[in-house]
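Novice: Fold the stuff below for me.
(one chain, ligands or ions: 1)
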Amino acid sequence: VVLVGADPASEVYVKSKGKMTKEVGMKSVEHRLADTTSEAELLALIDTLNNDNSIHGILVQLPLPDHLNEDLVISAIDPAKDVDGFHISNVGLLGTGQKSMVPCTPLGCLMMLRDHHGTLSGMDAVVIGRSNIVGKPLANLLMNRRPWSNATVTVCHTRTKNLSEITSQADILVAAMGQPLGITADMVKEGAVVVDVGINRVVDTDRKQGYRLVGDVDFEAVSEKVEAITPVPGGVGPMTIAMLLVNALTAARLTMENEE
Ligand code: GUN
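Specialist: A predicted model of the protein is given here:
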């Protein structure tokens, strides 16, 4: 895990990624770099990790400080060690329905939906948010021609007209737009299944830290009318880390098979 700078949310993610990796018996190495680190220094570290046979997976925590080009940095990671599935070759493989490393958060969402429904075939899935980390890869996963997928997918974003008209048709609603409590009960179909990807800090003076975490969905009201909903915290977050461990295992297996 490579962390550049000291973004507070990234610190929390990296800490729990390291903790869970060790809990399952994987070796976890953290490289913490100053926020003044140059692109050349970061690329040199990635090159070293690419060539280190004792490392099977590389994760560069995002966002990077502004002076570093994220696209360039991600392209430097060996696609076979790209446990985030962010490398352009993995993105292309997923987009064309081929085997690839799949981004952890969308994979965690798919696994929960698959566990719940068995197959999503023919269901109307609405994804709110078009990020490269969640919205776009999740849309691909949900619509891909696989026995457990085959949903009809609509992707909404900040410029979408009549958002609630679209969301209220959804059998599966995934909120990944980063707007605290943005999805209210009137926007959701009775009996739908809702996955809340949002993790937002809102001021809460009753808490020691001065904030609490809320999702993109108004959980209390929405949970009254849906069949199932994921909580925040404790829903998608732990699944993301679990999928990171799965991807690390997949990457290690692939390397070992290639060495045989
Ligand atoms: N920042 C927010 N989510 C993620 C993630 O899944 N992976 C990385 N590398 N950075 C992130």
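Novice: from the stretch 51-200 of the chain, which residue is nearest to the ligand?
Specialist: Closest approach of the stretch 51-200 of the chain to the ligand (C-beta to the nearest ligand atom) occurs at residue 62, with a separation of 3.7 Å. From N, CA and C alone the C-beta is placed, and that goes for glycine too.
Novice: need the contact list for residue 237.
Specialist: Residues near residue 237 by C-beta atoms under 8 Å, 6 or more residues apart in numbering: residue 199.
Novice: Just say helix, strand or coil for it.
Specialist: Secondary structure, DSSP: H, G, I helix; E, B strand; the rest coil: residue 237 is helix.
Novice: Can we start the residue count at 55 from this point?
Specialist: Taking 55 as the first residue, the last one we looked at is residue 291.
Novice: which residue packs closest to the residue of the stretch 105-254 of the chain closest to the ligand, ignoring adjacent ones?
Specialist: residue 124 (6.3 Å; C-beta to C-beta, 6 or more residues apart in numbering).
Novice: Pick out the residue closest to the middle of the chain.
Specialist: Centroid-nearest residue in the chain, with C-alpha atoms, centre = their mean: residue 159, separated by 2.4 Å.
Novice: Look up the pLDDT of that residue for me, please.
Specialist: For residue 159, the pLDDT comes out at 98.
Novice: Equivalent analysis for residue 137, please.
Specialist: 98.
Novice: quick one: it from residue 70, how far?
Specialist: 15 Å (C-beta to C-beta, to the nearest Å).
Novice: Looking at those two, which one has more neighbours?
Specialist: Taking residue 137 and residue 70 together and counting by other C-beta atoms under 10 Å, residue 137 has the greater number of neighbours (26 against 14).
Novice: Skipping adjacent residues, who's closest to the more buried one in space?
Specialist: Closest residue to residue 137 apart from its sequence neighbours, by C-beta to C-beta, 6+ apart: residue 111 at 3.7 Å.
Novice: give me the number of residues near that neighbour?
Specialist: 26.
Novice: cool, and residue 274?
Specialist: Residue 274: 9 neighbours (other C-beta under 10 Å).
Novice: Quick check: which element contains it?
Specialist: helix 273-276 (DSSP states H and E).
Novice: Residues contacting that helix, please?
Specialist: Contacts for helix 273-276 (C-beta under 8 Å, 6+ apart): 237-239, 242, 248, 250, 283, 285-286.
Novice: Kindly recompute the last result at 6 Å.
Specialist: With C-beta atoms under 6 Å, 6 or more residues apart in numbering as the test, helix 273-276 has contacts from 239, 242.
Novice: What mean pLDDT does it get?
Specialist: For helix 273-276, the mean per-residue pLDDT is 98.
Novice: Mind listing what's buried along it?
Specialist: Across helix 273-276, burial judged by 16 or more other C-beta atoms under 10 Å covers 273, 276.
Novice: What score does the nearest residue to residue 255 once chain neighbours are set aside have for pLDDT?
Specialist: Among residues not flanking residue 255 along the chain, residue 265 sits closest, at 4.4 Å (C-beta to C-beta, 6+ apart). With respect to pLDDT, residue 265 scores 96.
Novice: same question, residue 99
Specialist: 98.
Novice: try residue 58
Specialist: In this prediction, residue 58 carries a pLDDT score of 98.
Novice: There's contact between it and residue 87 in this structure, I believe.
Specialist: Yes. The pair residue 58 and residue 87 qualifies as a contact (C-beta atoms under 6 Å) at a distance of 4.7 Å.
Novice: Which one of those two is surrounded by more residues?
Specialist: The neighbour comparison of residue 58 against residue 87 (other C-beta under 10 Å) goes to residue 58, with 24 against 18.
Novice: How about the secondary structure of the residue of the stretch 105-254 of the chain closest to the ligand?
Specialist: Recorded secondary structure, residue 116: coil (three-state DSSP).
Novice: what does this protein have sitting close to the ligand?
Specialist: When proximity is defined as C-beta under 6 Å from any ligand atom, the chain approaches the ligand at 113-116, 138, 158-159, 187.
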